[in-house]
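Enquirer: Coordinates only, no sequence provided:
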């Protein structure tokens with residue numbers, strides 16, 4: 001999909017200062033951008049800096065350092081804060097765009113099992129900070145962009161334009177595989193190092209048991 005830099009979605013409203021720092025050929029460039037991000041649904045990230053490094057695929061990779069507005073302490077708290085909790089599979093990228101210099105991507109996902117606020121077999125559009133192009137990858141260092149075929153249990157808040165934002169960044173996305181759930185910080189070393197103080201930590205948990213627990217909290 002091409003980059004769309006036209007009209008921003010309705011949830012991009014609240015002003016935040018964003019500092020992007022890129023290292024290229026030995027020199028640092030800094031840029032302060034005032035942007036409207038109302039991904040503030042208790043899971044907003046304020047970008048504090050980024051590092052431009054060579055990517056393994058020949059593309060440059062820019063990691064954005066963030067400070068999450070809120071850290072959820074456990075499954076009960078994030079469940080009660082969510083509009084939608086669902087086991088999903090990533091189908092692909094809907095669109096990517098930049099708004100006042102900040103990259104965003106919308107991912108299309110299929111609901112494999114609706115836990116709360118969603119229908120099994122339905123679809124959702126999940127908004128993330130970051131973007132992939134033919135020449136570069138920009139993503140939050142502890143909240144990597146989703147990839148086609150991956151499966152997650154996601155805890156989401158609805159945006160005003162019909163998309164959804166995962167609450168708490170990496171905390172609100174549990175990796176699903178072979179009937180088990182794990183926090184991103186458990187299975188991804190980069191996430192673990194970047195966010196060692198995450199409040200929610202799920203390790204090799206039975207997926208059905210966790211989803212049943214969520215149902216007891218949500219609503």
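Expert: Received, thanks. All values derive from a computational prediction rather than experimental measurement.
Enquirer: all strands for the chain, in order.
Expert: Along the chain, the segments classed as strands by DSSP state E run 15-24, 27-36, 45-54, 60-68, 84-99, 102-116, 123-132, 136-140, 151-158, 164-166, 173-177, 180-183, 205-206.
Enquirer: Most tightly packed of these?
Expert: Ranked by mean neighbour count, these are led by strand 164-166 with a mean of 25 (mean count of other C-beta atoms under 10 Å). Bear in mind the C-beta positions are built from the backbone N, C-alpha and C, glycine included.
Enquirer: That one: partners in the sheet, and parallel or antiparallel?
Expert: Strand 164-166 pairs in its sheet with strand 123-132 (parallel), strand 151-158 (antiparallel), by DSSP bridges.
Enquirer: my guess is residue 115 meets residue 215, correct?
Expert: Yes. Counting by C-beta atoms under 8 Å, residue 215 is a contact partner of residue 115 at 6.2 Å.
Enquirer: Contact partners for the residue lying closest to residue 210 once chain neighbours are set aside?
Expert: Distances taken as C-beta to C-beta, 6 or more residues apart in numbering put residue 181 closest to residue 210, at 5.4 Å, once the chain neighbours are dropped. Contacts of residue 181 were listed using C-beta atoms under 8 Å, 6 or more residues apart in numbering, and they are 153, 174-175, 202, 204-207, 210.
Enquirer: Okay, the spatially closest residue to residue 110 that is not a sequence neighbour and residue 202: tell me how far apart.
Expert: Of all residues not flanking residue 110 in the chain, residue 89 sits nearest, at 5.1 Å (C-beta to C-beta, 6+ apart). Taken as C-beta to C-beta, to the nearest Å, the spacing of residue 89 relative to residue 202 amounts to 19 Å.
Enquirer: do residue 123 as well
Expert: 25 Å.
Enquirer: I'd like to know which elements the longest helix anywhere in the chain is packed against.
Expert: As assigned by DSSP state H, the longest helix anywhere in the chain is helix 207-217. On a contact count with 3 or more C-beta pairs under 8 Å, 6 or more residues apart in numbering; DSSP states H and E, helix 207-217 meets helix 75-81, strand 84-99, strand 102-116, strand 151-158, strand 180-183.
Enquirer: let's see 6 Å
Expert: The contact analysis (3 or more C-beta pairs under 6 Å, 6 or more residues apart in numbering; DSSP states H and E) places helix 207-217 against helix 75-81.
Enquirer: Next, the buried residues of the helix it packs on.
Expert: Buried residues in helix 75-81, counted by 16 or more other C-beta atoms under 10 Å: 75, 77-79, 81.
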